[in-house]
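A.B. asks: Model the following, please.
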Amino acid sequence: MPITVACVVPARYASTRYPGKLLEALDGKPVILHTLGQARKASCFDEIVCLTDSEDIAKIVSRNHYDVYMTSPAANGTERIAHNLELIKSSHIINLQGDEPIFPVASLIDFYQNFKKYLDDVCVLLYNPEDKQKAMNNPNRMKTLVNRQSQVVGFRRRFEKDFVMPSDFKLGIQMGIYGYSKSFLAKYGKLPSSEREREESHELLRDLTLNTVRAFFTDTSSLSVDVPEDLVRIRRRLGSLSGT
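C.D. replies: I've put the predicted structure just below:
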């Protein structure tokens, strides 16, 4: 069976921190269309699919000529994909989170190319923040601990004041993208949410022992829409990129 890779964009309306954020206007079009547009610009995926529980999101996405399917509510994007694998033709999936409207196309392509080397692993993408202390103190940014083998050993939103980084670990800030196989997702979808997953609001903490989680690093950061203030920051970055 040939290896094929889909970019799947889960799009939940009722975000805990910022409901309706995917429909907020950014440069004249909703956030979700910017995210799907980044996937299309990458030109490396065998298919691009949006999965949503919102009729409003589905209508906008469909009108703009993307494949979109309505799904039942899910605890997170990985679960949404795992419960709807029959809607996706490809053997492997890159989950680009819907609130990533300016995810760098070059990073998407690099992640795709690296993921294809490790198709048996779950893969995440990290970057090193310029101001590590500020990132450490920001609960909206997921911190990821990585060992010498480039394997993830933990995810945290917050650290205790006396936390000391082990000398053989690296710390990165997770970007809004995952890579995994359908076989992993089939196992994941049968598991209940875990306490750690709910505490940290991180889907892979459902069971970190289920699969090797491999981390790749990139020099380019992104900006996800977690709170309303993030849209202001993204508009500023778009303005600086366009020279206005």
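A.B. asks: For the chain, give the helix that spans the most residues.
C.D. replies: helix 228-242 (DSSP state H).
A.B. asks: just how off-centre is that helix within its chain?
C.D. replies: Offset of helix 228-242 from its chain centre (C-alpha atoms, centre = their mean, to the nearest Å): 19 Å.
A.B. asks: That one packs against which elements?
C.D. replies: Helices and strands touching helix 228-242, as assessed by 3 or more C-beta pairs under 8 Å, 6 or more residues apart in numbering; DSSP states H and E, comprise strand 25-26. Every C-beta, even on glycine, is put in place using the N, C-alpha and C of the backbone.
A.B. asks: What is the strand it packs on packed up against?
C.D. replies: Secondary-structure packing of strand 25-26 (3+ C-beta pairs under 8 Å, 6+ apart): helix 228-242.
A.B. asks: Okay, buried residues for the helix it packs on please.
C.D. replies: Applying a neighbour-count criterion of 16 or more other C-beta atoms under 10 Å, one finds 230, 231, 234, 238 buried in helix 228-242.
A.B. asks: residue contacts, the second one?
C.D. replies: Counting by C-beta atoms under 8 Å, 6 or more residues apart in numbering, residue 231 makes contact with 21, 24, 26, 31, 225.
A.B. asks: Look up how far residue 165 lies from the second one.
C.D. replies: Read that as residue 24. 36 Å (C-beta to C-beta, to the nearest Å).
A.B. asks: Comparing these two, which residue is more hemmed in?
C.D. replies: Remark: of residue 24 and residue 165, residue 24 carries more neighbours, 16 against 12, as counted by other C-beta atoms under 10 Å.
A.B. asks: so who does the spatially closest residue to the more buried one that is not a sequence neighbour touch?
C.D. replies: Sequence neighbours aside, residue 31 is the residue nearest to residue 24 in space, at 5.4 Å (criterion: C-beta to C-beta, 6 or more residues apart in numbering). Neighbouring residues of residue 31 by C-beta under 8 Å, 6+ apart: 21, 22, 23, 24, 98, 99, 101, 225, 231.
A.B. asks: Do you have the strands of this protein handy? List them.
C.D. replies: 5-11, 25-26, 29-30, 47-52, 67-70, 92-96, 122-127, 143-146, 152-156, 170-181, 213-218 (DSSP state E).
A.B. asks: Switch these over to JSON lines; also include mean neighbour count.
C.D. replies: Output for the strands of the chain, formatted as JSON lines (neighbours: other C-beta atoms under 10 Å):
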{"stretch": "strand 5-11", "mean neighbour count": "25"}
{"stretch": "strand 25-26", "mean neighbour count": "14"}
{"stretch": "strand 29-30", "mean neighbour count": "18"}
{"stretch": "strand 47-52", "mean neighbour count": "22"}
{"stretch": "strand 67-70", "mean neighbour count": "18"}
{"stretch": "strand 92-96", "mean neighbour count": "25"}
{"stretch": "strand 122-127", "mean neighbour count": "23"}
{"stretch": "strand 143-146", "mean neighbour count": "21"}
{"stretch": "strand 152-156", "mean neighbour count": "18"}
{"stretch": "strand 170-181", "mean neighbour count": "22"}
{"stretch": "strand 213-218", "mean neighbour count": "20"}
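A.B. asks: how about those, which one is nearest residue 84?
C.D. replies: Ranking the strands of the chain by proximity to residue 84 (C-beta to C-beta) places strand 47-52 first, at 5.8 Å.
A.B. asks: who does that closest one pair up with?
C.D. replies: strand 5-11 (parallel), strand 67-70 (parallel) (DSSP bridges).
A.B. asks: what angle sits between the longest one and strand 170-181?
C.D. replies: Orientation check (axes from the mean of the first three to the mean of the last three C-alpha atoms, to 10 degrees): strand 5-11 against strand 170-181 gives 110 degrees.
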